[in-house]
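1. kindly generate the corresponding structure for this input.
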Amino acid sequence: MSELPKAFLDEISEILGDPNEIRAFVDSFERQRVYGLRYNPLKCDKEAFLADMPFSLTAVPWTDTGFYYSSDETPGKHPFHEAGAYYIQEPSAMSVADHLDAKTGDIICDLCAAPGGKSTQLATKMAGRGLLVANEIVPSRAKILSQNIERMGIRNAVVTNEPPERMRQIFPAFFDKILVDAPCSGEGMFRKNDEAITQWSEQNVQICAQRQRFILDQAKEMLKPGGSLLYSTCTFNRKEDEEVIAQFIKDNPTFHIEKLTPVCGQSEGLLAGTLRLWPHKLGGEGHFVAKLVKEHGPDVGMMSTAKDNVRGDVKKAYDAFAEAFFDKKPEGIYQAFGDHLSILPQLCPSLSGIKVVRAGLCLGTFKKNRFEPDHALALAIRKEDVQNYVEIKDGAKFIRGESLSVADDVISRKGTQDGWCVVAMGNYPIGIGKIVGNTVKNHYPKGLRIG
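-> Residues are numbered from 1 along each chain as shown. Alright, predicted model coming up:
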């Protein structure tokens, strides 16, 4: 690990004050970091998840879906990861999204959403109902965000690729709740990422603080009166944490801080009601969290909602597919994007003029008067939703793109007919197959195949 910058240590010393605590903080960087994953309630319940997992898991105390795993295990390489059974996430980062108190039916924006850890956590609280707009300004990161939204089986999200000032124009006073997990100097990731140390500078801290204030100024206009705005960073310094929030409250008297209560080794921040997570006090890295409530302001009202726009021949082909495929058909607003058919959540506004990377759930593609289901569809449904599925022995074999034998590779099967099926490993659908006689033809996307 690189040597910690002197200016950084001076700032930490001023914040902590107590020499013993300063020493404990510095010593924490010599300890091995912890590893975590967050299970996905959209796929199955916790009891079934724990019964399925081949890893040694210990509960993260501040969230009901988080677990530590051993550093010698590699859950990111297991087929269950590709099935969206869990999300690999630093344990302290799991503390943030819960404070927004997402509920079914909410309209929520994650304004700086990539790579998607906090967005997917919010989505599990929403349980497929309401609308989640997950935005990322950097196109390459927006693509990764979209892939994680798909892998976790999230139906009610729209992934956008817009700058915050453009989002402000598109969505005035539209959201019930907004998360700003702000780009920061990353001091809380020093133990996890040595490059974060070498790239750190006091100048970059100032640049980050200026950017954070700008993003908050955009976010405040997107929030409904009475709505909540959660601000977080993975850094320690006051300039990006308490000072940003204090200045925001001073400039925006219609907002107040809603008190967050520390639990399980967490600490109150230097600004009353805010929260800090310190690596020498708990099993995780550094984080700062503040929750702001907008007391009043102009209520712009709802935007125009999206409308079905599907051609008759596409709808006919999809309906024929759906009749043979589903026991429980997905509901929502049907939207065609070229030959691709998606289903948007009922609360989704018109997406005209917005840079959209992913809109709702991609159902499949219209090809030569027939409908072919998309990989995303398999990841967003449960086995009981379909008429035809096979549970297989070896998920890794399927992810490699190999065809399967019904006689040799299939453990159990629902349905007896040939045709499209969901391929599952245990409780987790991992892709689409097509049964032809004794063979399950593999339709796992070539770009996602491993091995």
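2. CA atoms for contacts and neighbours, from now on please.
-> Will do.
3. where do the strands sit along the stretch 251-400 of the chain?
-> 255-258, 267-268, 275-277, 287-294, 333-337, 340-344, 356-359, 361-367, 370-373, 389-392 (DSSP state E, counting those that start in this stretch).
4. deepest of those strands, which one?
-> strand 275-277 (a mean of 26; mean count of other Cα atoms under 10 Å).
5. gap between that strand and the chain center?
-> 21 Å (Cα atoms, centre = their mean, to the nearest Å).
6. so can I have a markdown table of the strands of the stretch 251-400 of the chain showing mean pLDDT and distance to Cys44?
-> Formatted as a markdown table, the strands of the stretch 251-400 of the chain follow (pLDDT from 0 to 100; distance: least, Cα to Cα, whole Å):
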| stretch | mean pLDDT | distance to Cys44 |
| --- | --- | --- |
| strand 255-258 | 98 | 33 |
| strand 267-268 | 97 | 33 |
| strand 275-277 | 98 | 30 |
| strand 287-294 | 98 | 29 |
| strand 333-337 | 92 | 25 |
| strand 340-344 | 95 | 22 |
| strand 356-359 | 96 | 24 |
| strand 361-367 | 95 | 19 |
| strand 370-373 | 94 | 22 |
| strand 389-392 | 95 | 15 |
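7. how about the ones you listed in JSON lines, adding distance to Leu50?
-> Listed next are these as JSON lines, based on distance: least, Cα to Cα, whole Å:
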{"stretch": "strand 255-258", "distance to Leu50": "35"}
{"stretch": "strand 267-268", "distance to Leu50": "30"}
{"stretch": "strand 275-277", "distance to Leu50": "27"}
{"stretch": "strand 287-294", "distance to Leu50": "28"}
{"stretch": "strand 333-337", "distance to Leu50": "35"}
{"stretch": "strand 340-344", "distance to Leu50": "31"}
{"stretch": "strand 356-359", "distance to Leu50": "31"}
{"stretch": "strand 361-367", "distance to Leu50": "27"}
{"stretch": "strand 370-373", "distance to Leu50": "30"}
{"stretch": "strand 389-392", "distance to Leu50": "19"}
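8. any weak-confidence spans in the stretch 301-450 of the chain?
-> 301-302 (pLDDT under 70).
9. tell me the domain ranges of the protein?
-> 6-294, 386-451 (automatic domain parsing).
10. out of those, which gets nearest to Gly338?
-> With distances scored as Cα to Cα, the stretch of the domains of the chain nearest to Gly338 is domain 6-294 (17.4 Å).
11. and that closest one, how far apart are its ends?
-> Length of domain 6-294, first residue to last, Cα to Cα, to the nearest Å: 39 Å.
12. past the helix ranked longest in the chain, which element shows up next along the chain?
-> If you go by DSSP state H, the chain has its longest helix at helix 202-222. Sequence order places strand 223-233 as the next helix or strand after helix 202-222, per DSSP states H and E.
13. strand partners of that following strand, parallel vs antiparallel please.
-> strand 175-181 (parallel), strand 287-294 (antiparallel) (DSSP bridges).
14. ok, back up a step: looking at the strands of the stretch 251-400 of the chain, which is closest to Pro445?
-> Pro445 sits nearest to strand 370-373 of all these, at 11.5 Å, using Cα to Cα.
15. my guess is His375 contacts Gly447. True?
-> No: using Cα atoms under 8 Å, His375 is not in contact with Gly447; the gap is 11.4 Å.
16. please say which of these two ends up with more neighbours.
-> Between His375 and Gly447, counting by other Cα atoms under 10 Å, His375 is the more crowded of the two (22 against 6).
17. list the contacts for the more buried one?
-> Taking Cα atoms under 8 Å, 6 or more residues apart in numbering, we find His375 in contact with Gly364, Gly431, Ile432, His443, Tyr444, Pro445.
18. quick one: buried residues of stretch 10-18?
-> Ile12, Ser13 (16 or more other Cα atoms under 10 Å).
19. so how far is it from its chain's centroid?
-> Counting by Cα atoms, centre = their mean, stretch 10-18 comes out at 33 Å from the chain centroid.
20. what does that stretch contact?
-> Counting by Cα under 8 Å, 6+ apart, Pro19, Ile22, Phe236, Asn237 sit against stretch 10-18.
21. save those as JSON lines, and put in distance to Ala93 too.
-> Listed next are the contacts of stretch 10-18 as JSON lines, based on distance: Cα to Cα, whole Å:
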{"residue": "Pro19", "distance to Ala93": "27"}
{"residue": "Ile22", "distance to Ala93": "22"}
{"residue": "Phe236", "distance to Ala93": "14"}
{"residue": "Asn237", "distance to Ala93": "17"}
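22. that older thread, which one of the strands paired with strand 223-233 lies closest to Met425?
-> By Cα to Cα (comparing all of those), the closest turns out to be strand 175-181, at 33.8 Å.
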